[in-house]
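Student: A structural model of the following input is requested.
(2 chains)
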2 protein chains.
Amino acid sequence: MKLFHSPLSPFVRKVMVVAHELGLAEGLELLPSAAHPTKRDANILALHPLAQVPTLITDDGRALADSRVICEYLDALGGGAVFPRSGPARWLALTDQSTADGILDAALLTRYELTVRAEGERSSAWIAGQADKIESALDTFEAGVATLAERVDIGTITVACALGYLDLRLPDLAWRRRSPDLAAWFEDFDARPSMRATRPPAV
Amino acid sequence: MKLFHSPLSPFVRKVMVVAHELGLAEGLELLPSAAHPTKRDANILALHPLAQVPTLITDDGRALADSRVICEYLDALGGGAVFPRSGPARWLALTDQSTADGILDAALLTRYELTVRAEGERSSAWIAGQADKIESALDTFEAGVATLAERVDIGTITVACALGYLDLRLPDLAWRRRSPDLAAWFEDFDARPSMRATRPPAV
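Tutor: Reported below is the predicted structural model:
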């Protein structure tokens, strides 16, 4: 299998953490990419119309995007339980994933606002709206931190990747000050080998 | 069950089409919403931190977002096959969903650019990048239109909702001219009772 990869993408990191948890990381050939929200990577585009990372090329030549689909595919391939099969555990994992993906979407839109646009094209109302979403989601995870304990599934993996991305790209948000119990949970989870192996390089 | 609803949201439409296909639409109480990308709806926010539509409140009081999670939840509840359980049919359905969701994300970002921002804050490069994504995805579905035939699953439902949304919000894109075989497929699919029952009101 081949994975279009970028060491700073939090959605790529989700896939890589799942691969490490399942023992599949060694079998992934990582392809460098120049994914960008408006200037598209022609190598990815030749295989998938969204031209984004992560995009997985399976051994039978199919192109899978996005991180949710790829993570579930790897879990099925590895016979794992990163996606609980059914019932309340599944809805909890999927809901935590979608909320944490919401943090990531908001953080990425904030970053694009500040790096992809000319200065005159930036909207402070847009940036404030994204920050609001991130803070509401942090508050929800802080209040429900007990439900994260003892779980290694797509929900907790995505929460951890989202918090790691806030550290990387929005350090001024100082999320640990707002969310001390979540910070304590993260400190443990972040010590897992899968998280250590996928840490983004310093920027 | 209660669903925070907006008659013009394509992600709400996905949920409603799935509910109609499963015979669950009658059991959904629709709650009006004022979801907006930056001005948040306090009623939804009280129950889910992303404060977006669709958000489902289950009978046991859980709040589920987003459309992918809600559609899969309804399918499990209704004992349906909107999400094929495993194997190639599942990956095909999920991949088509993520590509068609990509069309919707790009279309919504285009719309936000034109309606949420002051005129001086708009980026023509951003809008062009979103249009590129939409056109690449249309080309992929046009080339692979044979794979859509005879399927009623989360992939084909999402493709149909995406095409309906292009008609509603980006008619100047004239997607049928670019994608005549896809247009023929859509004409049939769009005649399904689930699609007819969820048609957006004229704007």
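
Student: Name the residues of stretch A:178-190 that come out as buried.
Tutor: For stretch A:178-190, the neighbour count (16 or more other Cβ atoms under 10 Å in any protein chain shown) marks A:Ser179, A:Leu182, A:Ala183, A:Trp185, A:Phe186, A:Phe189 as buried. (C-beta placed from N, C-alpha, C; glycine too.)

Student: tell me the contacts of the residue lying closest to A:Phe141 once chain neighbours are set aside?
Tutor: Leaving aside its sequence neighbours, A:Phe141 sits nearest to A:Leu182 (Cβ to Cβ, 6 or more residues apart in numbering or on different chains; 5.2 Å). By Cβ atoms under 8 Å, 6 or more residues apart in numbering or on different chains, the contact list for A:Leu182 reads A:Leu138, A:Phe141, A:Glu142, A:Val145, A:Leu148, A:Leu163, A:Trp175, A:Arg176.

Student: How about the residue of chain A most remote from its centre, nearest residue that isn't a chain neighbour?
Tutor: Ranked by distance from the centre of chain A (Cα atoms, centre = their mean), the top residue is A:Gly120, with 29.7 Å. Distances taken as Cβ to Cβ, 6+ apart place B:Gly120 nearest to A:Gly120, at 6.4 Å, with adjacent residues excluded.

Student: Give me the local confidence score for the one you found.
Tutor: B:Gly120 carries a pLDDT value of 86.

Student: re the thing from before, confirm that the residue farthest from the centre of chain A lies within a helix, as I assumed.
Tutor: Yes - assignment of A:Gly120 by DSSP: H, G, I helix; E, B strand; the rest coil places it within a helix.

Student: now the helices for chain A?
Tutor: A:10-22, A:42-45, A:67-78, A:87-115, A:124-143, A:154-169, A:175-178, A:180-189, A:193-196 (DSSP state H).

Student: Of these, which stretch is the most buried?
Tutor: helix A:10-22 (a mean of 26; mean count of other Cβ atoms under 10 Å in any protein chain shown).

Student: Pull the residues that contact that one.
Tutor: A:3, A:5-6, A:25, A:28, A:53-54, A:56, A:66-67, A:70-71, A:74-75, A:77-78, A:80, A:82, A:104, A:107-108, A:152, A:154, A:157-158, A:160-162, A:164-165, A:192-195, A:197-198, A:200.

Student: Run the angle between that helix and helix A:180-189 for me.
Tutor: Here the directions of helix A:10-22 and helix A:180-189 differ by 50 degrees (axes from the mean of the first three to the mean of the last three Cα atoms, to 10 degrees).

Student: which residues sit in contact with A:Asp190?
Tutor: Counting by Cβ under 8 Å, 6+ apart, A:Asp190 has contacts A:Ala160, A:Leu163, A:Gly164, A:Arg196.

Student: From A:Thr156, how far out is it?
Tutor: 11 Å (Cβ to Cβ, to the nearest Å).

Student: gap between the nearest residue to A:Leu45 once chain neighbours are set aside and B:Arg111?
Tutor: Excluding the flanking residues, the one nearest A:Leu45 by Cβ to Cβ, 6+ apart is A:Ala51, at 4.0 Å. According to Cβ to Cβ, A:Ala51 stands 21 Å off from B:Arg111.

Student: what's the answer for A:His36, then?
Tutor: A:His36 sits 22 Å away from B:Arg111, going by Cβ to Cβ.

Student: Please apply the same query to A:Val116.
Tutor: Counting by Cβ to Cβ, the separation of A:Val116 from B:Arg111 is 18 Å.

Student: Ok, A:Pro10 next?
Tutor: Per Cβ to Cβ, A:Pro10 is found 25 Å from B:Arg111.
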